[in-house]
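Visitor: The amino acid sequence is not available; the structure is as follows:
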Ligand code: GDP
């Protein structure tokens, strides 16, 4: 594992696009329905217990939460669909801002779409996938809570989800993941490394 993930730290929250950090370097965004396991996945990938707690930390219930891996690389936590305690008009405003962020952010290299392996490809997920395809944004599906299924069903779900995703775009990929059992971490890191443009030199730091 690239040691920089362990040093990843909360950078800033943005309630609107004007509050986002400068559009330089590399970003990978994490999206998912509420409760899919997005915060746990970010924490597991950064080997930290409390880095991402967006929905639970007062003041972080914002449009976008930025975490700095280093000065040039960021992980971005997008609001989960079904987020609690946010008024309808704010949700609508967010949707517009979210679309604008995804479309307009030059440094955005890919989208990690976090889905509970027992409930994949719901409306929100499909919307994100079609949206990403429209703007040629690569997507990697993280099928979380894989520990909740036996190996056979988990494997067949992965094949089905991957096929459905690749029907939308042949560039999309997917894997199984468990924050609890820490499985799939290496594969997810490989994708993050690719998108964040880490090479062997950086790994050696
Ligand atoms: P978020 O709303 O998408 O950020 O979801 P959280 O990361 O807060 O997780 C939602 C719930 O699912 C919590 O109760 C977690 O403990 C649980 N959870 C998250 N990841 C896993 C996992 O890999 N395996 C299992 N069994 N539970 C998980």
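Guide: Received the coordinates, thanks. Quick caveat, the model's predicted, so the values are computed rather than measured. Numbers count the residues shown, from 1 in each chain.

Visitor: make it CA atoms for all contacts and neighbour counts henceforth
Guide: Noted.

Visitor: Helix, strand, or coil at residue 99?
Guide: helix (DSSP: H, G, I helix; E, B strand; the rest coil).

Visitor: Show me the shaky parts of the chain.
Guide: Counting by pLDDT under 70, the chain has low-confidence residues at 54-62, 81-86, 200-205.

Visitor: Where is the longest strand in it?
Guide: strand 108-116 (DSSP state E).

Visitor: Can you tell me what sits against that strand?
Guide: The contact list for strand 108-116, computed with CA atoms under 8 Å, 6 or more residues apart in numbering, reads 26-33, 36-38, 102, 121, 125, 137-146, 195-196.

Visitor: so of these, which ones are in helices?
Guide: Counting by DSSP state H, the part of the contacts of strand 108-116 found in helices is 38, 102, 125, 195.

Visitor: got the contact list for the spatially most central residue of the chain?
Guide: Geometric centre of the chain, nearest residue: residue 30, 1.5 Å, by CA atoms, centre = their mean. Residues counted as contacts of residue 30 (CA under 8 Å, 6+ apart) are 38, 75-78, 111-114.

Visitor: rerun at 7 Å
Guide: 76-78, 111-114 (CA atoms under 7 Å, 6 or more residues apart in numbering).

Visitor: Which residue ranges of the chain form helices?
Guide: Using DSSP H, helices in the chain cover 3-6, 38-45, 88-104, 123-134, 151-168, 185-195, 200-203.

Visitor: is it possible to export those helices to TSV including distance to the ligand and mean neighbour count?
Guide: Converted to TSV, the helices of the chain look like this (distance: least, CA to the nearest ligand atom, whole Å; neighbours: other CA atoms under 10 Å):
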stretch	distance to the ligand	mean neighbour count
helix 3-6	17	17
helix 38-45	4	24
helix 88-104	16	14
helix 123-134	13	16
helix 151-168	13	16
helix 185-195	11	17
helix 200-203	26	10
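
Visitor: Any idea which of those gets closest to residue 70?
Guide: helix 3-6 (7.0 Å; CA to CA).

Visitor: Need the contact partners of that closest one.
Guide: Residues external to helix 3-6 that are found in contact with it (CA under 7 Å, 6+ apart): 46-48, 69.

Visitor: Who wins on neighbours among those residues?
Guide: Highest neighbour count within these: residue 46, with 24 neighbours (other CA atoms under 10 Å).
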